[in-house]
Structure formats: structure tokens, C-alpha cells
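Student: Sharing a model that was predicted from the sequence below.
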Amino acid sequence: MNLLHRSIATGLLFASSASLSFAQLQGSKADPTPTKHPVPAIQDTETAAQRDARMAWWRDARFGMFIHWGLYSIPAGEWKGQRTTHIGEWIMNDLSIPVADYKALAKQFNPTGFSAHDIVALAKSSGMKYIVITSKHHDGFAMFDSKADPFNIVAATPYHRDPLKELAEECRKQGIKLGFYYSQAQDWTAPGGAAIVRGNHDKVTGHWDKAQDGSFDDYLHKKSIPQIKELLENYKGYPVVVWFDTPTKMMTPERAAEIVKLLNKYPNLIWNNRLGGTYKGDTETPEQYIPAQGFPGRDWESCMTINDTWGYKSFDTNFKSSETLIRNLIDIASKGGNYLLNIGPDSKGIVPQPEVDRLHDMGKWMKVNGEAIYGTSATIFDTPTGTFSATEKGRDGKPKFNPTWEWRSTTKGNKVYIEIFDWKGHFHVDRMPRKVTGAYLLADSAHKPLKFTQKGAALDVDLPAQALDPVATVLVLNTTR
Ligand code: JFZ
């Protein structure tokens, strides 16, 4: 570990998972200071033990697949010769596409290349434990069979199939969890739906087409809430996650409470922090970044793109390397969070090959090293994993955190995993908080014992000259406390 970097980064200290002693006593509230809500949500009333039971599978999973797929995959980032510079699923808003023109895309949507089997198999072989798919994004098009609104994939397209139903069946068969993303407030094609202002649009409503005018409460009661009800009722055991998004100022506590009433009927459901109306939900959702120190005391999930868009854009080839993606997953796990990694199928329903290739690489690494990720807790070390910029701000508005890539650590029971990126043929740490009783490499199937010494607080482990995996080789320490 580099001395210069250590001295700059003294500000960063991780809470060790062992010292995070949540009140686990039977009966103690999961949230001791809940916000007053018109309708209390499950998070306001449950005990810490109930919260732990409800979140257990999600905390163990660590790795999920986000799918952004909808009509926007047809323009694929380009409308009448103009290319959007923003994320693909926002094209209708960014290029001010009239409602009638956008809705007409449905007639051409025939994603015959979509295979629920293949997508679920891809998620599984990548080591992902759950999938979250856009059931309706801000464009208002439902990717499921909806009686509440005809602008949907079954009623309005030549495809006439419900991909959510097919995914639910495959997820059940292949043993993986399924969640639904739903844009509850923004809807750019339903009268009264909210729109975040971008470009030269109405400053108050965000609208750019008279067809968007209407009452938000009508939209909420005639489309949003009925569709959320359909999603909760029609997929037998799924969704296990509801992923809300962009509440906008329209989601007042009273309006959000109407949705909470529905959610409360499903006591195992997990939902994120983007419902609005001051509801905290279950999970923090840092987007396109990994928080420097996680969210102590909260469950969290970094959602990230593989290139620079969520919805398919034909000309976005800025794919992250497999190395970056694997290291991001490790970095997130070392801070106690989940990685929700996005794919953007095209208008035929096919996952772009560069995305498939990267997920396969991640799967290969996870097959050998998944033990160091699944069901683990955050690092027990106080070693800094990067430095805060003095000048740049990050996505959360705080000083930008620039990670360094030497190693990370995760913990499970008496095992401490060290995921080593920068291989030096030995491992040294100044402050090892536990007694080490043995050391080996996870990728060495013989688990050949490695020589180590503990002097004072310091630990040194002799490693082979060559890394077993150039992306990350996992050193396992057996420890006693
Ligand atoms: C939202 C969506 O708008 C986007 O299309 C995508 O679905 C992503 C996962 O979620 O993106 C956001 C949401 C909130 C902010 C920025 C982008 N924000 O608060 O700055």
C-alpha cells in the first residue's frame, strides 16, 4: 500500500461490520425515528428482526440485473436524423417528440428476438441473483398486459406477448428473483402525467405537447395506481422488488400513501427510496456511482450502466471493460451494497453482444470467487480505498471520491476475503483486527496453505509470484475473534 495515498486519505474510515451492532433485540424497531406518514409503511412499523428477515435474500444476493427496455429501443438514440446526447430512454423528452408520433412506434414494435429463457440464463450465468425490468418507463408505454391502459405491448403492438409474464415463468423455473421498475409519476404520453423539465418545455408542467395536459390525480388514479395493482397481482409471487423512480414534486405524502396501501398488502416486498412523499423505502439507490463509504445503517444498491445509456442506443459503444465491472462489484460488496448492472436490449429484444460478453466474463470470475461476494458483509479494515478530490464534486454533490485499485475486502463469519487487484507477490496490512489462523487462495482448488506472519497489528502473507486471476485474485484468511 502506497504511503503517499495513505497519508492523503486519512479522512476515510470504514465502520467495521463487526462493530455495526444494530439493535437486534426482539421487538426493537428497525427505524427508531420513522417519519410521520398519512399511511405508515412497513418500514415505519416493523421490528429490526422483521426487517432483517425481509431483507435477507436481497442482502445475500449482492448482484442483480437491471433491464431498461421499451419503445425507445426503436429510435435507439436517433430521431429524424438527430442524435440525442443524453440517455436513450429519455429521447422523447430530450428531442420533444410529439405524443402521437411517439405512440405510433408501438405499431412497429415486434421484438421477435426476445427470449425470456436466454435473458434469465444470462443473468444466472453471470452470477446475478435477481432481475429488475422496466415495466413502464417515463414514456408511459407498459411492457406488460394492462387492462388499465391500452398503450401496452400486448394491446398496441403486433407482438401481442407479455415479456414480464414470460420472464416471471423463466425466473421461477431457473430459480432467480424478479422485480419491476415502475415510473409512478413521470408519464409523458398519459394526460396529466408528470414530466421533468428538459429543454424548451413548459416551465411548470414540463410538457411540450397539448396531449400531455390533464389532471395528475386523474393520471394517478386511472393509470399509475391501477397498473401498480396489476403488477402486484398478476405475476404469481413476483415482483419481489418494486423499483420506483423520479417521484417529482407531484408525489406528495398523501398521493404516495395511496400506493403504500397497495404495497403494504405484500409483507415480503422490497421497494426502493424513490417512491416520494417522504417515504424512505428499503434501499438507497446511488446511480452511476459507488458511494465512498456505503450508507451505514441502510441497505443500498448502486445501479450502473455498462456503456453510458440505460435504454438501447445504437451508437453508444463506450462499454466499460470486464475488469472495471468485476472490480466495481467487488468494491460495492466491500462496502456492504448491491450492484444492479443494466443491460439494454434492442428493438428486436436482443441483448447487445458486447454486454453479453462482459456478463460472461463476470460469470467466469464469480464461478470461482462468488464465495467472496455472496452473503458477505463490508470490510473490517480501516484501510482507505481512495481519496476525495479537493476540487471536483461527485454525483451526490459531495467531494468526488477517486478510488484506488489495490485491494478490497469482504467478510463472512470467520473468513476474511482480500480481493487483490494490484498483485505484488505478497500481502501486507498495517492493522489486521483479528487473529489469522490460516491463509489460501480461493482460485487454488487445493487451498494450499500460504505462509503468513502477524507481528503486533501487522499482517504479512507470502503469495505466489503470479496472480491467479489478473482482474482480482482472492486471498482467504481464516480468523478467530
Ligand atoms: C432515472 C431515470 O430517469 C433514468 O431513465 C433511469 O431509469 C435511471 C435508472 O433512473 O434517472 C435518474 C433519476 C434521478 C436522478 C437522475 C437520474 N437524479 O436524482 O439526479
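Tutor: Thanks, I have the structure now. Residues are numbered from 1 along each chain as shown.

Student: got the domain boundaries for this structure?
Tutor: Structurally, the chain divides into domains by automatic domain parsing as follows: 22-369, 413-480.

Student: possible to save those domains as TSV with distance to R395, mean pLDDT and mean neighbour count?
Tutor: C-beta coordinates here come from the backbone N, C-alpha and C atoms, glycine included. Below are those laid out as TSV (distance: least, CB to CB, whole Å; pLDDT from 0 to 100; neighbours: other CB atoms under 10 Å):
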stretch	distance to R395	mean pLDDT	mean neighbour count
domain 22-369	4	97	19
domain 413-480	23	98	16
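
Student: Rebuild these as JSON lines, extending it with distance to the ligand.
Tutor: JSON lines is the format used below for the domains of the chain (distance: least, CB to the nearest ligand atom, whole Å):
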{"stretch": "domain 22-369", "distance to the ligand": "5"}
{"stretch": "domain 413-480", "distance to the ligand": "26"}
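
Student: would you turn those domains into JSON lines with distance to D396?
Tutor: Formatted as JSON lines, these follow (distance: least, CB to CB, whole Å):
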{"stretch": "domain 22-369", "distance to D396": "7"}
{"stretch": "domain 413-480", "distance to D396": "24"}
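
Student: Out of these, the one nearest K398 is which?
Tutor: Among the domains of the chain, domain 22-369 comes nearest to K398, with 7.9 Å by CB to CB.

Student: Show me how far that closest one is from its chain's centre.
Tutor: Mean C-alpha position of domain 22-369 versus that of the full chain (CA atoms, centre = their mean, to the nearest Å) differs by 9 Å.

Student: hang on, the earlier thing: between the domains of the chain, which gets nearest to P399?
Tutor: Taking these one by one with CB to CB, domain 22-369 is closest: 8.8 Å.

Student: Would you quantify the distance from the residue positioned nearest the centre of the chain to V461?
Tutor: Taking CA atoms, centre = their mean, the centroid of the chain lies closest to L340, which sits 2.7 Å from it. Counting by CB to CB, to the nearest Å, the gap from L340 to V461 is 33 Å.

Student: before we move on, what about S183?
Tutor: Taken as CB to CB, the span from S183 to V461 is 49 Å.

Student: try D382
Tutor: Counting by CB to CB, the gap from D382 to V461 is 18 Å.

Student: so where does the closest residue to I74 other than its chain neighbours fall, helix or strand?
Tutor: Distances taken as CB to CB, 6 or more residues apart in numbering put S347 closest to I74, at 4.5 Å, once the chain neighbours are dropped. Take DSSP states H and E as the rule and S347 turns out to sit in neither a helix nor a strand.

Student: residues in contact with Y279?
Tutor: Y279 makes contacts with T35, H37, A41, Q43, P253, A256, V260, N273, as judged by CB atoms under 8 Å, 6 or more residues apart in numbering.

Student: Repeat the analysis, applying 6 Å as the threshold.
Tutor: Contacts for Y279 (CB atoms under 6 Å, 6 or more residues apart in numbering) come out as A41, A256.

Student: got the contact list for stretch 215-232?
Tutor: Contacts for stretch 215-232 (CB under 6 Å, 6+ apart): S135, S146, A148, D149, F180, Q184, A190, G192, G193, M250, R255, L262.

Student: residue ranges of the helices in the stretch 101-250 of the chain, please?
Tutor: Secondary structure of the stretch 101-250 of the chain (DSSP state H, counting those that start in this stretch): helices at 116-125, 163-174, 216-219, 225-233.

Student: typo on my end, it should be the stretch 251-400 of the chain
Tutor: 253-263, 322-334, 353-369.

Student: Mind putting the ones you listed into JSON lines with distance to G140?
Tutor: Listed next are those as JSON lines, based on distance: least, CB to CB, whole Å:
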{"stretch": "helix 253-263", "distance to G140": "17"}
{"stretch": "helix 322-334", "distance to G140": "31"}
{"stretch": "helix 353-369", "distance to G140": "26"}
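
Student: Surely T246 touches W188?
Tutor: No - using CB atoms under 6 Å, T246 is not in contact with W188, being 11.4 Å away.

Student: and K280, what is it in contact with?
Tutor: Listed by CB under 6 Å, 6+ apart, the contact partners of K280 are N273.

Student: ditto for L459
Tutor: So L459 contacts V429, M432 (CB under 6 Å, 6+ apart).

Student: I'd like to know the phi and psi angles of it, please.
Tutor: With angles defined as degrees, to the nearest 10, L459 sits at phi -130, psi 140.

Student: Just list whatever residues bridge to it.
Tutor: V429, Q454 (DSSP bridges).

Student: so how far is E419 from it?
Tutor: Relative to E419, and taking CB to CB, L459 is found at 16 Å.

Student: Could you do S314 as well?
Tutor: From S314 to E419 the distance is 35 Å (CB to CB).

Student: how long is stretch 64-73 end to end?
Tutor: End-to-end span of stretch 64-73 (CA to CA, to the nearest Å): 22 Å.

Student: Next: stretch 269-282.
Tutor: 10 Å.

Student: Ok, stretch 72-79 next?
Tutor: Using CA to CA, the end-to-end distance of stretch 72-79 comes to 10 Å.

Student: do the same with stretch 129-145
Tutor: Terminal-residue distance, stretch 129-145 (CA to CA): 25 Å.

Student: i'd like the first residue to be 483 from this point on
Tutor: Fine by me, first position is 483 from now on; the one you just mentioned is stretch 611-627.

Student: So what touches it?
Tutor: So stretch 611-627 is contacted by 543, 546-550, 552-553, 571, 574, 605, 633-636, 644-646, 659-665, 668-672, 713, 723, 725 (CB under 6 Å, 6+ apart).

Student: Residues in a beta bridge with A921, which ones?
Tutor: Here A921, judged by DSSP bridges, has bridge partners L959.

Student: wait, it sits on V956?
Tutor: No - counting by CB under 6 Å, A921 stays clear of V956, with 11.2 Å between them.
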